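Sequence first, then the predicted structure, then my questions.
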Amino acid sequence: MMKPFFKSILVSGLMAFTLLAGPVVLPGGEVRADSLREVAERVARQNDARVVSARVIERNGRRFYEIRIMTRDGVVKTVRVPADDRLGRAGG
């Protein structure tokens, strides 16, 4: 059985690799070429952090990008960016 710490590192690495690998296919077959990846990269850059995970969520008919990042200090933060906000106003 894998220890939780190593499992989380492995999962984080796989998620980051998947995130950087290419297009994202959303539920319903909609393809959003690089928008999730671009937002995740921008959030990480703005916070001097690395991406742990990124996903698209929908609440009350509105779509958001939920980006989890880990700072250099090892602090994990969750940043939510409205999907229609593609001009870089993401912050954490």
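Yes, it's here.

residue ranges of the helices in the protein, please?
For the chain, applying DSSP state H gives helices covering 4-21, 35-46.

least reliable of the ones you listed going by mean pLDDT?
Mean pLDDT is lowest for helix 4-21 among the helices of the chain, at a mean of 54.

In stretch 57-72, which residues are buried?
64-65, 67-70 (16 or more other Cβ atoms under 10 Å). All C-beta atoms are positioned from the backbone trio N, CA, C, and that covers glycine.

Enumerate every residue touching Ala44.
50-51, 67, 69 (Cβ atoms under 8 Å, 6 or more residues apart in numbering).

can you put those residues in JSON lines and add distance to Lys77 and pLDDT?
Formatted as JSON lines, those follow (distance: Cβ to Cβ, whole Å; pLDDT from 0 to 100):
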{"residue": "Arg50", "distance to Lys77": "11", "pLDDT": "97"}
{"residue": "Val51", "distance to Lys77": "11", "pLDDT": "97"}
{"residue": "Ile67", "distance to Lys77": "9", "pLDDT": "96"}
{"residue": "Ile69", "distance to Lys77": "5", "pLDDT": "97"}
